[in-house]
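> What shape does this take:
(one chain, ligands or ions: 1)
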Amino acid sequence: MNWDDDASDAAGDRLVGTDADGEDRAVEAALRPKDLGEFVGQERVREQLDLVLKAARARGATADHVLLSGAPGLGKTTLSMIIAAEMGAPIRITSGPAIQHAGDLAAILSSLTEGEVLFLDEIHRMSRPAEEMLYMAMEDFRVDVIVGKGPGATAIPLELPPFTLVGATTRAGLLPPPLRDRFGFTGHMEFYAPAELQRVVHRSARLLDVEIADQGAAEIAGRSRGTPRIANRLLRRVRDYAQVKADGVITREIAAQALDVYEVDARGLDRLDRAVLTALLKLFGGGPVGLSTLAVAVGEERETVEEVAEPFLVREGLLARTPRGRVATPAAWEHLGLVRDAGAAGTPSQQGLFGG
Ligand SMILES: Nc1ncnc2c1ncn2[C@@H]1O[C@H](COP(=O)(O)OP(=O)(O)OP(=O)(O)O)[C@@H](O)[C@H]1O
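The predicted structure is shown next:
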């Protein structure tokens with residue numbers, strides 16, 4: 001998978017963007033499941049983690065280091081908090097970009113208490129020297145603090161209490177193998193199925209004291225791009241609509257009307273996604289067309305199209321990246337309700353892209 005952090009930054013102000021905005025952060029604390037039983041979906045990761053934590057508790061030991069990989073908003077921070085709660089341990093939260101010098105990391109590590117969970121988000125964005133210090137800290141619970149500079153510099157070993165590192169990354173493939181190998185357990189977080197997101201929406205509605213019908217929750221879930229953070233955000237916008245335009249109850253119709261107003265369509269595409277697809281279909285007959293040409297046609301930067309819009313369109317099977325350019329799939333024509341001109345050159349079947 002190719003989730004780019006810069007792309008998700010650029011997507012920050014979209015209703016269907018995956019990064020947390022200020023409002024998300026304010027409510028997310030209240031919506032986070034507190035234990036593994038409350039955590040919806042991710043059956044395999046949950047089951048495996050349950051075993052890891054139970055075994056550590058039975059041995060009276062600190063849990064092994066845990067690496068969580070997956071797209072933003074799938075629940076990595078939430079799981080790290082659950083790990084701490086299940087181990088009855090405090091948690092310290094920091095991120096790779098916040099640790100630029102090995103000294104920053106040494107300061108954090110040396111202040112940890114026994115059994116504490118250190119959550120290191122975006123661990124792939126840590127500086128190299130800090131990363132190397134982390135290897136030793138994870139393996140031997142020890143760091144060498146360098147005092148002085150040049151030939152006179154000396155390394156002073158510092159013992160650390162046993163702790164559990166929970167690393168989170170959107171790009172497990174970017175981690176150097178020595179770092180990856182030092183995690184006792186790696187959990188790959190998948191996008192959520194609509195039925196799972198429906199449960200997330202129901203749970204959040206209950207916590208927010210919002211009345212919602214099953215079909216209302218299903219409507220929101222179907223437009224949430226497999227991501228609980230987006231589901232919770234759409235729920236809040238639909239709640240606003242239900243309060244202003246109706247009696248506050250979220251039915252299927254209300255959810256659909258509200259999300260139409262916010263331009264999030266039945267499949268979770270927003271205005272930018274649809275603009276890209278529409279240009280590809282209407283102006284270029286479905287492609288192939290070069291990325292730069294497509295970007296000019298929609299009046300966006302090349303990077304925005306490539307990093308913000310395309311990943312989801314590709315994931316949804318609406319657009320394909322081919323060596324000859326971007327190509328719409330038959331599903332794209334269907335989704336936008338357009339019919340391909342039968343005589344046009346470069347139809348998907350003529351190119352043999354989709355098996356005729
Ligand atoms: N499995 C789940 N069940 C219920 N709610 C969930 C689940 N996973 C995530 N959420 C909700 O989604 C929101 C985002 O989750 P979280 O912050 O843990 O994601 P993340 O993967 O750490 O994202 P990022 O990588 O951007 O930090 C939280 O409010 C949380 O309540």
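
> Which parts of the stretch 151-300 of the chain are helices?
For the stretch 151-300 of the chain, the helices identified by DSSP state H, counting those that start in this stretch occupy 177-180, 194-207, 214-222, 228-245, 252-261, 271-278, 291-298, in order along the chain.

> Please work out which of those is packed deepest.
For these, the largest average neighbour count (mean count of other Cβ atoms under 10 Å) is found in helix 214-222, namely a mean of 23. Just so you know, the C-beta spots here come from the backbone N, C-alpha and C atoms, and that holds for glycine as well.

> residues contacting the closest residue to Arg340 other than its chain neighbours?
In space, not counting the residues next to it along the chain, Arg340 is nearest to Trp333; the distance is 5.4 Å by Cβ to Cβ, 6 or more residues apart in numbering. Applying Cβ atoms under 8 Å, 6 or more residues apart in numbering, one finds that Trp333 lies in contact with 281, 286, 339-340.

> Give the helix, strand or coil label for the residue of the stretch 251-356 of the chain found nearest the ligand.
Nearest residue of the stretch 251-356 of the chain to the ligand: Pro311, at 14.9 Å (Cβ to the nearest ligand atom). Using DSSP: H, G, I helix; E, B strand; the rest coil as the criterion, the local structure at Pro311 reads helix.

> Which residues are in contact with Arg46?
Under the criterion of Cβ under 8 Å, 6+ apart, the contact list for Arg46 reads 36, 39.

> What confidence value was assigned to it?
pLDDT for Arg46: 94.

> what about it, distance to Ile83?
According to Cβ to Cβ, to the nearest Å, Arg46 and Ile83 sit 11 Å apart.

> residue in the stretch 151-300 of the chain nearest to the ligand?
For the stretch 151-300 of the chain, Cβ to the nearest ligand atom, closest residue to the ligand: Pro228, 3.5 Å.

> Model confidence for the closest residue to that residue other than its chain neighbours, exactly?
Counting by Cβ to Cβ, 6+ apart, Val200 is the residue found nearest to Pro228 once chain neighbours are left out, at 4.8 Å. Reported pLDDT at Val200 in the predicted model: 96.

> now Val200: how far from Ala55?
Per Cβ to Cβ, Val200 is found 28 Å from Ala55.

> Quick check: Arg252 touching Ile220?
No: Arg252 is beyond contact range of Ile220, at 9.5 Å (criterion: Cβ atoms under 8 Å).

> how about the nearest residue to Arg171, chain neighbours excluded?
Using Cβ to Cβ, 6+ apart, the closest residue to Arg171 is His124 (5.2 Å).

> which residues touch the one you found?
Contacts here follow Cβ under 8 Å, 6+ apart; on that basis His124 touches 96, 169-171, 174-175.

> 10 Å instead?
5, 69, 96, 131, 167-176, 179 (Cβ atoms under 10 Å, 6 or more residues apart in numbering).

> Spit out the contact partners of the residue of the stretch 151-300 of the chain closest to the ligand.
The neighbours of Pro228, taking Cβ under 10 Å, 6+ apart as the test, are 28, 31-33, 39-41, 73-75, 78, 191-192, 196-197, 199-201, 203-204, 221.

> Show me which residues of the stretch 51-200 of the chain sit near the ligand.
Within the stretch 51-200 of the chain, the positions lying close to the ligand (Cβ under 6 Å from any ligand atom) are 72-78, 121, 168, 200.

> which strands and helices sit next to whichever helix or strand Ala130 is part of?
Ala130 belongs to helix 128-140 when assigned by DSSP states H and E. Counting contacts by 3 or more Cβ pairs under 10 Å, 6 or more residues apart in numbering; DSSP states H and E, helix 128-140 is packed against helix 102-110, strand 117-121, strand 142-147, strand 154-159, strand 164-169, helix 177-180.

> Of those, which stretch is the most buried?
Buried most deeply of these, by mean count of other Cβ under 10 Å, is strand 164-169, with a mean of 26.

> one step back: if I've got this straight, the residue nearest to Arg340 is in a strand?
No: looking at Trp333 with three-state DSSP, it is helix, so not inside a strand.

> Quickly note the distance from Ala56 to Gly184.
When distance is defined by Cβ to Cβ, Ala56 is 10 Å away from Gly184.

> My understanding was that the residue nearest to Pro228 contacts Gly41; is that so?
Yes: with contacts defined as Cβ atoms under 10 Å, Val200 counts as touching Gly41 at a distance of 7.8 Å.

> which neighbours do those two share?
For the pair Val200 and Gly41, residues contacting each of them under the criterion Cβ under 10 Å, 6+ apart are 75, 192, 228.

> what residue of the chain is the furthest out?
Counting by Cα atoms, centre = their mean, the extreme residue of the chain relative to its mean C-alpha position is Gly152, 45.3 Å from that point.

> Could you check how far that residue is from Ser111?
27 Å.

> And the pLDDT for the residue of the stretch 151-300 of the chain closest to the ligand?
Confidence at Pro228, expressed as pLDDT, is 95.

> phi, psi of the residue nearest to Glu122 when sequence neighbours are not counted?
Leaving aside its sequence neighbours, Glu122 sits nearest to Gly96 (Cβ to Cβ, 6+ apart; 4.2 Å). Taking degrees, to the nearest 10, you get phi -50, psi -50 for the backbone angles of Gly96.

> Could you do Ala55 as well?
Here is the backbone geometry of Ala55 (degrees, to the nearest 10): phi -60, psi -40.

> And the helices of the stretch 151-300 of the chain: which comes nearest Ala20?
When these are compared by Cβ to Cβ, helix 228-245 sits nearest Ala20, at 6.5 Å.
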